[in-house]
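K.L.:
below are the sequence and a predicted model for it; my questions follow.
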Amino acid sequence: MITIKKTKNSRALKDAVEALSGVDLSVCYQCKKCSGGCPVATLTRSRPSEIMRQLHLGAADELLASDLVWMCVSCGTCSARCPMGIDVAAVMDALRWLALEHGAPKPQGNVPLFNRAFLKTVETFGRAYEIGLIAGYKLGTGKLMSDVEKFPVMLRKGKIALLPPRGGDRQAVKRIFNKVKASTGAKS
C-alpha cells in the first residue's frame, strides 16, 4: 500500500523530474515491467513502478527519501523493458539529484560512498576503473583488507585489470564533468 502526504510542492517535484529527465510521466500505465527487470528491486522497499506511481499521485517527501532512489544502479534495464519508452533510469537520476538538492535524508550504508568512488574513477580515467573504484571505496569504509582474498581470483579470471582502461575520449568526459560542476556549483 502506498501512503502519500500531500504537500504544496508535490506537483513541483513531478514537474522538476520531468524537466530534468526529459520524460513525460503521464504515459506510464503501470504495467510494472520496469520492476520485473530491476536487479535491485528485491533489495529495496519500493519498486520502480511504485516510484512512477508516487510521482503521478504527487508524492514528494516520500520519493526523495526512497531507498530505491539511492540503490538504483542506473543499469537501464527498466528503461529497456518499458513498452512506452520511458527512461525510468533518467527519472531515478533526476530524483537522486533533487534529493541531494533538497537535503533529503541519505540512506543508511555505503551506497553514496560507492557512487562517489565510481564517479571519481570515471572522471579521472574517462571510464570505469575497477581497482580505482575498489581502492576509493575501501578507503572510505576503512575496511581495507576485507575481501582481499578475492583479488587474485578476479585478476586471474580477467574480471579486473591492473592498469586503467585506455581508449574512450577522456577529454570529452572531463568536459561533461566540468559542465555539470559549473552548472550546479559542485566541487570536486
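P.N.:
Perfect, I can see it now. Note that this is a predicted model, so its numbers are computed, not measured. Numbers count the residues shown, from 1 in each chain.
K.L.:
could you use CA atoms for every contact and neighbour count after this?
P.N.:
OK.
K.L.:
buried ones in stretch 45-63?
P.N.:
The neighbour-count check on stretch 45-63 (16 or more other CA atoms under 10 Å) flags 46-55, 57-63 as buried.
K.L.:
care to break the chain down by domain?
P.N.:
10-101, 111-184 (automatic domain parsing).
K.L.:
stretch 63-78 - what's its average pLDDT?
P.N.:
For stretch 63-78, the mean pLDDT works out to 85.
K.L.:
phi, psi of residue 147?
P.N.:
Recorded main-chain torsions at residue 147 are phi 70, psi 10, according to degrees, to the nearest 10.
K.L.:
tell me which stretches of the chain form strands.
P.N.:
Counting by DSSP state E, the chain has no strands to list.
K.L.:
now the residue of it most remote from its centre: how far from residue 48?
P.N.:
Most distant residue from the mean C-alpha position of the chain: residue 156, 29.9 Å away (CA atoms, centre = their mean). For residue 156, the distance to residue 48 equals 37 Å [CA to CA, to the nearest Å].
K.L.:
and the helices in the protein?
P.N.:
10-21, 33-37, 48-57, 61-64, 67-71, 77-81, 88-101, 111-125, 130-141, 150-156, 170-184 (DSSP state H).
K.L.:
what's the second one packed up against?
P.N.:
Counting contacts by 3 or more CA pairs under 8 Å, 6 or more residues apart in numbering; DSSP states H and E, helix 33-37 packs against helix 48-57, helix 77-81.
K.L.:
so where's the chain shaky on pLDDT?
P.N.:
Applying pLDDT under 70 to the chain flags the ranges 1-10, 106-108, 184-188.
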